[in-house]
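Undergrad: build me a structure from this.
(2 chains)
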Amino acid sequence: MSYKAPKGTKDILPCESYIWEYIEKKARTLFEKANYKEIRTPVFESTELFARGVGDSTDIVNKEMYTFVQKDRSLTLRPENTAGVVRAFIEHGMHRLPGPLKLWYKGPMFRYERPQAGRQRQFHQLGLEIFGIESPSADAEAIQIAMKFLNELGLAGLVLEINNIGCPECRNEYKEKIKEAIRPKLREFCEDCHLRFEKNPLRILDCKNEKCRELLSTPEIDSVINREFICEPCVAHFEELKEYLKLLEIDYVINKKLVRGLDYYNRTVFEITSTNLGSQNAVCGGGRYDPLVETLGGPQTPAVGWAMGMERLFSLCKAPGQKPLDVFIVSDDTKEALKLASEIREHGISVDFDFSARKFAKQMEKASKTGARFALILREEELKTGELTLKNLATGNQEKVSPGEIPEKVNI
RNA sequence: GCGGGCGUCGCCAAGCGGUUAAGGCCCCGGAUUGUGGUUCCGGUAUUCGGGGGUUCGAAUCCCCUCGCUCGCCCCA
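TA: Numbering: from 1, shown residues only, chains lettered A, B, ... in the order given. Now for the predicted structure:
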């Protein structure tokens, strides 16, 4: 009998954990510089929260949630974190804090989907949210920080796509116009698009089916897509965002067909994709969700945010190598070695040793294979004189040192 | 939910119907009872994801099943 990690999940092994640490540290540093505070919410919430928050016309809610019932209570492993953060925002009355409130989070999310490159059932997201600002200056800051972060990680081949999907009112009008334009040719669209036509016609614009894309680019439909149907205030909001992005020298592409799979978005939506990823090429996705706080029972509060898929990030960036071990103690006296190791560690030096007091040559070999910078020899001769032998494994030089000299010698 | 590819030691991998299942890496031991990263020698799969079947004989052929993987869909 052998066990495997469940489908779509992955162990993060010791050899890769430093990449996580590296990315998380970079994120924290950057976010804190911009006054974002970390928030940690539970990995499960009431199912109702996601049905309301994420939207029950979405695939996420309809077929991708890990839901379980306990004592008549339906709970769900979070498929994304905005709903949870908004819930916490409301529950703790954070709207009364001096605004705007800027939060960031990281952690595992769960979606029941067929795994493939860049898609897992348990995956990790890093995200941020800004509450209380209606002005696109908040959208711009959110985008700027996302781009800055990705650039700091040395990612190349990134494309920022933006769009404005209007507010609930003008979007409904837009939906109708799109439906009207598509209706004459509806029969030629794919099966999925027929469903979308009724449930969420805007998502037809996002269909990857070649035939559908062809149909969408016919003049009759394309002209409708490209005409501005969003209302004056929404247009103004979008124009202002573009000005901010120009001010910040952030390149973008306007993609009128960009809609997002979550129902809570309004106005600004954006996506950062990489040409170096497979078919799951979105590294970051987000947008504005002004109605959500109210939808979930809080006071009317505009908000904007984004999330990044950490596993997708890893496949794109190179992290610096792990720090080598400073000292490996070579000794045939396990007691002395253990004691010495704990003493030296007090000085902030990383130390390991062979627990089995093996042959001298074997221990030296181990020291070398471990990648330690120094071998510290403590055997009969050293115990007698009280002086230790410190060998630099890169140069081969060795010298006698007193225990007190070790921190200085090692930290050169 | 629907397609395609793949499953031989911890990892990489030969073998493609004939019987002790190559090889490399890693690991362990020795050459070398106080000096490693090089070298040399030795050790580690009763077994080929699992279950049936065909056959005198199967890792090799057939069926079923499980797992992994890539793509569709959707998204981070």
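Undergrad: from now on I want contacts and neighbour counts done on CA atoms only, so please keep to that.
TA: OK.
Undergrad: spit out the contact partners of residue A:304.
TA: By CA atoms under 8 Å, 6 or more residues apart in numbering, the contact set of residue A:304 is A:129, A:130, A:131, A:138, A:139, A:142, A:286, A:287, A:288, A:289, A:290.
Undergrad: in CSV, list the C-alpha atoms belonging to stretch A:93-108.
TA: The C-alpha coordinates for stretch A:93-108 follow below in CSV (Å, rounded to 0.1, in the frame of the first residue of the first chain):
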residue,chain,number,x,y,z
GLY,A,93,-16.2,47.0,11.2
MET,A,94,-13.1,48.0,9.4
HIS,A,95,-14.9,50.7,7.5
ARG,A,96,-14.6,52.7,10.7
LEU,A,97,-10.8,52.5,10.6
PRO,A,98,-9.1,55.6,9.1
GLY,A,99,-9.4,54.8,5.4
PRO,A,100,-8.5,53.8,2.9
LEU,A,101,-7.9,50.3,4.2
LYS,A,102,-5.2,48.4,2.3
LEU,A,103,-4.8,44.7,2.9
TRP,A,104,-2.8,41.9,1.5
TYR,A,105,-2.9,38.1,1.9
LYS,A,106,-1.4,34.9,0.8
GLY,A,107,-2.4,31.3,1.2
PRO,A,108,-3.9,28.2,-0.3
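Undergrad: is any residue of it near RNA strand B?
TA: No: contact between stretch A:93-108 and RNA strand B is absent, the nearest approach being 9.7 Å (criterion: CA under 7 Å from any atom of the strand).
Undergrad: which positions in that stretch come out as buried?
TA: Neighbour counts using 16 or more other CA atoms under 10 Å place A:95, A:100, A:101, A:102, A:103, A:104, A:105, A:106, A:107, A:108 of stretch A:93-108 among the buried residues.
Undergrad: low-confidence bits of the stretch 101-250 of chain A, can you list those?
TA: Within the stretch 101-250 of chain A, no range satisfies pLDDT under 70.
Undergrad: where does it come near RNA strand B, residue by residue?
TA: A:111, A:113-121, A:123-125, A:192, A:203, A:206-209.
Undergrad: mind running it again at 10 Å?
TA: When proximity is defined by CA under 10 Å from any atom of the strand, the stretch 101-250 of chain A lies next to RNA strand B at A:108-127, A:190-193, A:195-196, A:203-213.
Undergrad: so which of the contacts of residue A:304 sit within helices?
TA: Secondary structure defined by DSSP state H assigns A:138, A:139, A:142 of those to helices.
Undergrad: mind giving me the PyMOL select for those residues, buried ones only?
TA: Listed next is the PyMOL selection for buried residues among the ones in helices among the contacts of residue A:304, using 16+ other CA under 10 Å:
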select buried, chain A and resi 138+139+142
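Undergrad: in JSON lines, list the ones in helices among the contacts of residue A:304 along with distance to residue A:351.
TA: As requested, the ones in helices among the contacts of residue A:304 are exported to JSON lines (distance: CA to CA, whole Å):
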{"residue": "A:138", "distance to residue A:351": "47"}
{"residue": "A:139", "distance to residue A:351": "48"}
{"residue": "A:142", "distance to residue A:351": "42"}
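Undergrad: which one of the ones in helices among the contacts of residue A:304 is nearest residue A:173?
TA: Taking CA to CA as the measure, residue A:139 is the one of the ones in helices among the contacts of residue A:304 closest to residue A:173, at 24.1 Å.
Undergrad: which residue would be the closest one in chain A to RNA strand B?
TA: Residue nearest to RNA strand B within chain A (CA to the nearest atom of the strand): residue A:261, separated by 1.9 Å.
Undergrad: surely that residue forms part of a strand?
TA: No: counting by DSSP: H, G, I helix; E, B strand; the rest coil, residue A:261 is not part of a strand but coil.
Undergrad: circling back: pull out the buried members of the contacts of residue A:304.
TA: Taking 16+ other CA under 10 Å as the criterion, what is buried in the contacts of residue A:304 is A:129, A:130, A:131, A:138, A:139, A:142, A:286, A:287, A:288, A:289, A:290.
Undergrad: now the third one, nearest residue through space, not along the chain?
TA: On the basis of CA to CA, 6 or more residues apart in numbering, the spatially nearest residue to residue A:131 that is not a chain neighbour turns out to be residue A:303, at 4.4 Å.
Undergrad: now that neighbour. Its backbone dihedrals?
TA: Main-chain dihedrals, residue A:303, degrees, to the nearest 10: phi -160, psi 160.
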